[in-house]
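Engineer: quick one, fold the following:
(one chain, ligands or ions: 1)
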Amino acid sequence: MSAEADPRSVADRLRAVRAHIAEAATAAGRAPADVRLIAVSKTHPVALIEAAAAAGQRAFGENTVQEALAKIPAFAGRGLEWHFIGHLQSNKARFLPGNFHWWHSLDALSLARRVARLAHAQAATLDALIEVNVSGDPRKHGIAPDALPALLEELLREPLPGLRLRGLMTVGPHPAGEAERRAAFARLRGLRDDARARFGLADFDELSMGMSGDYVEAIREGATLVRIGSAIFGERDYSG
Ligand SMILES: *Cc1c(COP(=O)(O)O)cnc(C)c1O
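Structural biologist: Numbering: from 1, shown residues only. Modelled structure (predicted):
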């Protein structure tokens, strides 16, 4: 465990991040409560999630099913909300319902149908966001912006009883200057607004965008869900 990763500093960092979120929301003329913080706990141990939960944090994000399944049971019955933010392999789809409440990375029709079917079979419903690769970065997941209307059309062609389509998600461009980041986030907002209007989707109101390095810009451009890891838990140590 790194020197930064102690429970007290998690509570302090969480407080600072919440204050920054509120400040950014207010500066943008938005209500701080309209921006929800997802604490991205990937690579960090249960003890630090516990520290964040003790400091009042409810929503947590993980990006691999395997890692998440090793942690989520430790918090059973605690009322935490789990967000799957990584790329979903189809052979792991069955683990989403029952463990996660939100799926941020819907990017294929077949996968959406499979998750919906599995969720419905468990009498679960997942809130889903379509991941869009706004910056066109080939290393990123998500559909191209131009592909969104066709995907939505397919998704809406038949009922998906285990899924609620709630909005869009993106990972901001990196490295990029402030103007470029804001433009990418504004683009996602525009795509959501167009999709809502075109398909008459009343609940398609969420924008999952903004990470430790760019959440202030994302909030200025309308983020409703910010996914923040290292600013709360410290740097990730991938070596072990
Ligand atoms: C890791 C990750 C985050 C959080 O990143 P930080 O820079 O640590 O805040 C957000 N979103 C996704 C999809 C991630 O994989």
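Engineer: does stretch 61-68 reach the ligand?
Structural biologist: Yes: with Cβ under 6 Å from any ligand atom as the measure, stretch 61-68 is seen reaching the ligand through residue 63. The C-beta positions use only the backbone N, C-alpha and C, and glycine is treated the same way.
Engineer: list the buried residues in that stretch.
Structural biologist: By 16 or more other Cβ atoms under 10 Å, the buried positions in stretch 61-68 come out as 61-65, 68.
Engineer: before we move on, what about stretch 164-180?
Structural biologist: Neighbour-count burial for stretch 164-180 flags 165-173, 176 (criterion: 16+ other Cβ under 10 Å).
Engineer: quick one: it to chain centroid distance?
Structural biologist: 11 Å (Cα atoms, centre = their mean, to the nearest Å).
Engineer: before we move on, what about stretch 85-99?
Structural biologist: Worked out by Cα atoms, centre = their mean, stretch 85-99 lies 14 Å from the chain centre.
Engineer: that stretch: end-to-end distance?
Structural biologist: Start and end residues of stretch 85-99 are separated by 13 Å (Cα to Cα, to the nearest Å).
Engineer: name the residues that touch it?
Structural biologist: Here stretch 85-99 makes contact (Cβ atoms under 8 Å, 6 or more residues apart in numbering) with 38, 40, 42, 61-66, 68-69, 72, 82, 84, 103-105, 107, 110-111, 114-115, 118-119, 121-122, 124, 126, 141, 162, 169, 208, 227.
Engineer: if we use 7 Å, what do you get?
Structural biologist: The contact list for stretch 85-99 (Cβ atoms under 7 Å, 6 or more residues apart in numbering) reads 40, 61, 63-65, 68-69, 72, 82, 84, 103-105, 111, 114-115, 118-119, 122, 124, 126, 141, 162, 227.
Engineer: swap in stretch 44-53?
Structural biologist: Residues outside stretch 44-53 that contact it (Cβ under 7 Å, 6+ apart): 5, 7, 10-11, 14, 39, 41, 60, 71, 74-75, 78, 80, 232-233.
Engineer: filter those residues to the buried ones?
Structural biologist: 5, 10-11, 14, 39, 41, 60, 71, 80, 232-233.
Engineer: from those residues, which land in helices?
Structural biologist: Applying DSSP state H to the buried ones among the contacts of stretch 44-53, the entries found in helices are 10-11, 14, 71, 232-233.
Engineer: if anything else comes up later, I'll come back, but that's it for now.
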